[in-house]
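[1] Sharing a model that was predicted from the sequence below.
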Amino acid sequence: MQVRNLGRSELRVTSIGLGGATFGREIDEATSFQVLDRAFERGITLFDTAEAYSQGRSEEIVGHWIADRGVRDRIVLATKVSGTLTRERVVTSAEASLRRLGVETIDLFQLHTWDGKTPLEETLAGLDELVQAGKVRYIGCSNFAAWQLCKSLWRQDVAGWARFESVQPVYNLAKREIEQELLPLCADQQIGVITYSPLGAGFLTGKYYRGGPVPEGTRFDVSPGHQDVYFHEQCYVAMEHLRTTAARLEMPMAKLGLAWVLSRTGTTTVLVGARNIEQVDQAFEADELANAAELQAEFAAL
């Protein structure tokens, strides 16, 4: 597992990061602690959560873990603000996240989504205020299109505000849109890329079949919105190609799909979510495969 600088910042993050979306939603605090412990033991430094995850419960769990384990100075802590992004909302959200996390400073504070109704300058001014006050070290964005990131960087540069050091997009074999414009922009502007959903919320794990039923209790069953994102011809083609390749290589689809993401250039960190310690370990097994010389041709063909 590699360690890299995030954008132009001083943050040093591992090529695998741990996402906190499952905490308080799919697993309780005790199980979350097991997952967090295993990730930390295996060397992961980036821990990413958000106010939107279980209405702040994920942040609370991460905060309890940080306090109990005494690891604050050994991790990079990231969270996000969502909704209407007025200056007041951005500032009060960060302050609420600080309380839930039980820390004095957030290493990376990100906009969870683009807000097309609030003037961009107001949002960016609020973020800069947080940096100047020392409540946030660096800022980033999530789910931004290339034009939205480019526009934000320009406004930040003109105004002399703190700039985005990272962007957090979805990236997997079924969703590769960032390769067209976002990744080239990030390479040109030295923006860190923290990708998430490397297995498409389970779409690429082998549970789903074109035209088949949605397995009860899966994320696509619990959160039907995922069907709108992935139940399309292009995604099905990618899934079936992965299934065929994994079968030929006698390898689990999930491991091969995750290894493909970890093998890609132009990204900084891949966030993995986990419901148990085995899923954390799976990410490290996939990381070993990502660097296997004999698999590079297979990755290129996927």
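    Alright, I've got the coordinates. Residues are numbered from 1 along each chain as shown.
[2] tell me which element A39 falls in.
    Here A39 sits within helix 29-41, counting by DSSP states H and E.
[3] could you say what helices and strands that helix packs with?
    The contact analysis (3 or more Cβ pairs under 8 Å, 6 or more residues apart in numbering; DSSP states H and E) places helix 29-41 against strand 16-19, helix 57-69, helix 277-290. All C-beta spots, glycine's among them, are computed from the backbone N, C-alpha and C.
[4] possible to save the ones you listed as JSON lines with mean neighbour count and distance to P213?
    Shown next, in JSON lines, are the helices and strands packed on helix 29-41 (neighbours: other Cβ atoms under 10 Å; distance: least, Cβ to Cβ, whole Å):
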{"stretch": "strand 16-19", "mean neighbour count": "25", "distance to P213": "27"}
{"stretch": "helix 57-69", "mean neighbour count": "21", "distance to P213": "30"}
{"stretch": "helix 277-290", "mean neighbour count": "18", "distance to P213": "24"}
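[5] right, and those - which one's nearest I75?
    helix 57-69 (7.4 Å; Cβ to Cβ).
[6] Quick check: beta-bridge partners of G17?
    L271 (DSSP bridges).
[7] Next up, the contacts around it.
    The contact partners of G17, taken as Cβ atoms under 8 Å, 6 or more residues apart in numbering, are I44, T45, L46, F47, D48, I194, T269, V270, L271, V272.
[8] Which members of those are classed as buried?
    Buried by 16 or more other Cβ atoms under 10 Å: I44, T45, L46, F47, D48, I194, T269, V270, L271, V272, out of the contacts of G17.
[9] Just name the closest of those to G102, please.
    For the buried ones among the contacts of G17, the nearest to G102 is F47 (13.4 Å; Cβ to Cβ).
[10] where's the closest one, which helix or strand?
    Going by DSSP H and E, F47 is in strand 46-48.
[11] same check, this time on Y138
    Counting by DSSP H and E, Y138 is part of strand 136-142.
[12] try L149
    helix 146-159.
[13] Let me have the helices and strands packed on helix 29-41 in JSON lines, extended by mean pLDDT.
    Below are the helices and strands packed on helix 29-41 laid out as JSON lines (pLDDT from 0 to 100):
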{"stretch": "strand 16-19", "mean pLDDT": "98"}
{"stretch": "helix 57-69", "mean pLDDT": "98"}
{"stretch": "helix 277-290", "mean pLDDT": "94"}
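[14] residue ranges for the helices of this structure, please.
    29-41, 57-69, 87-101, 120-132, 146-159, 182-189, 219-222, 225-230, 233-248, 253-263, 277-290, 296-301 (DSSP state H).
[15] what's the average pLDDT for the fifth one?
    It stands for helix 146-159. Helix 146-159 shows a mean pLDDT of 98.
[16] Other residues contacting it?
    114, 120-121, 124-125, 128, 141, 144, 161-164, 167, 180-182, 185-186, 189, 191.
[17] Just the buried ones from the residues you listed?
    114, 120, 124-125, 128, 141, 144, 161-164, 167, 182, 185-186, 189, 191.
[18] and stretch 245-263, which residues are buried?
    Across stretch 245-263, burial judged by 16+ other Cβ under 10 Å covers 245-246, 251, 253-263.
[19] can you redo the residues you listed as a markdown table with distance to E95?
    A markdown table is the format used below for the buried residues of stretch 245-263 (distance: Cβ to Cβ, whole Å):
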| residue | distance to E95 |
| --- | --- |
| T245 | 48 |
| A246 | 46 |
| M251 | 46 |
| M253 | 43 |
| A254 | 38 |
| K255 | 41 |
| L256 | 43 |
| G257 | 38 |
| L258 | 36 |
| A259 | 40 |
| W260 | 40 |
| V261 | 34 |
| L262 | 35 |
| S263 | 40 |
